[in-house]
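Trainee: build me a model from this:
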Amino acid sequence: MTKSQTSTTFEPLTTLTATVAAIPGPNVDTDQIIPARFLKKDRSLGYGQFLFHDARFDDAGNHKPHPLNTAKDQTPKVLVVDHNFGCGSSREGAVYALADYGIRAVVGTTFGDIFHNNCFKNGVLPVRLHTADHARLMRWTESLPTQTDITVDLMQCEVRWDKDCAKFEVDDFWRECLTKGLDELSLTLSHSQDIDTFESQYQTRFPWLVAHKV
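Mentor: Numbers count the residues shown, from 1 in each chain. All right, here's what the predicted structure looks like:
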């Protein structure tokens with residue numbers, strides 16, 4: 001295994017305090033997050049420019065009223081979204097667009113299953129709050145005259161805003177991936193020495209099994 005195989009794929013995420021933006025409306029699907037026509041674009045140039053493209057820009061490329069059309073120094077890293085965010089097509093490009101734009105956490109109640117898993121694989125934390133907690137948070141974001149900061153604490157599994165706080169749960173495996181800045185493959189490869197030791201011991205203890213392995 002080479003050193004490059006164990007390199008991080010994104011910045012580690014532990015506790016994030018950053019600008020928040022709210023995306024209203026339930027059932028925002030992956031085609032709204034990134035329209036299909038942009039999936040043919042070169043990913044190396046970044047998909048962030050296509051995030052919510054048709055909701056943010058008109059046919060002439062002019063800005064429409066949208067939570068993400070803000071000043072550059074106020075670019076949000078946390079989105080508060082409504083129910084069933086990321087439903088529809090399984091395209092991973094939707095998460096690429098979020099990650100390339102700079103989004104590190106998406107806070108809602110429910111997500112499309114494949115979208116949910118793709119978030120973890122690309123360094124984006126999908127936070128599922130209880131409905132009552134989410135409703136309070138959404139009301140707060142809607143009442144803001146200007147964008148402000150929110151804290152997403154992966155170590156304590158908390159979302160904190162104003163004087164309020166809500167707990168969430170996250171799988172221990174994905175939590176370790178995010179806090180170490182590793183995708184699932186890189187996390188496995190980071191244990192390569194332990195894996196090699198196990199295989200060596202296994203071959204010593206059960207040589208007849210290894211000899212007959214197909």
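
Trainee: could you pick out the longest strand of the protein?
Mentor: The residue-count maximum for a strand in the chain (DSSP state E) belongs to strand 15-23.

Trainee: in terms of secondary structure, what does that one contact?
Mentor: Strand 15-23 sits against strand 78-81, helix 131-143, strand 149-153, with contacts defined as 3 or more Cβ pairs under 8 Å, 6 or more residues apart in numbering; DSSP states H and E. The C-beta positions use only the backbone N, C-alpha and C, and glycine is treated the same way.

Trainee: looking at these, which is buried most?
Mentor: Highest mean neighbour count among the helices and strands packed on strand 15-23 (mean count of other Cβ atoms under 10 Å): strand 78-81, with a mean of 25.

Trainee: how far is that strand from where the chain is centred?
Mentor: Relative to its chain's centre, strand 78-81 lies at 11 Å (Cα atoms, centre = their mean, to the nearest Å).

Trainee: ok, residues contacting that strand?
Mentor: 16, 18-23, 28, 98, 103-108, 137-138, 141, 150, 152 (Cβ atoms under 8 Å, 6 or more residues apart in numbering).

Trainee: burial count for the nearest residue in space to residue 80 that is not next to it in sequence?
Mentor: In space, and not counting its chain neighbours, residue 80 is closest to residue 22: 4.5 Å by Cβ to Cβ, 6 or more residues apart in numbering. Residues near residue 22, counting by other Cβ atoms under 10 Å, number 20.

Trainee: surely residue 148 touches residue 21?
Mentor: No - at 10.2 Å, residue 148 and residue 21 do not qualify as touching, with contact defined as Cβ atoms under 8 Å.

Trainee: for these two, indicate the residue with more neighbours.
Mentor: Higher neighbour count among residue 148 and residue 21: residue 21, with 22 against 13, using other Cβ under 10 Å.

Trainee: quick one: that one from residue 113, how far?
Mentor: Distance of residue 21 to residue 113, given as Cβ to Cβ, to the nearest Å: 24 Å.

Trainee: same deal with residue 49?
Mentor: In terms of Cβ to Cβ, residue 49 sits 27 Å off from residue 113.

Trainee: between those two, which one's more packed in?
Mentor: Remark: of residue 49 and residue 113, residue 49 carries more neighbours, 14 against 11, as counted by other Cβ under 10 Å.

Trainee: still on that earlier bit, give the contact list for the residue nearest to residue 80.
Mentor: The contact partners of residue 22, by Cβ under 8 Å, 6+ apart, come to 67, 79, 80, 81, 138, 141, 142.

Trainee: now for this structure, the helix or strand with the poorest mean pLDDT.
Mentor: Lowest on mean pLDDT, DSSP states H and E among the helices and strands of the chain sits helix 184-189, with a mean of 56.

Trainee: can you show me the strands along this structure?
Mentor: Counting by DSSP E, the strands of the chain are 15-23, 78-81, 105-108, 125-128, 149-153, 158-161, 164-167.

Trainee: each with direction, which strands does the first one pair with?
Mentor: The sheet places strand 15-23 alongside strand 78-81 (parallel), strand 149-153 (antiparallel), with pairing taken from DSSP bridges.
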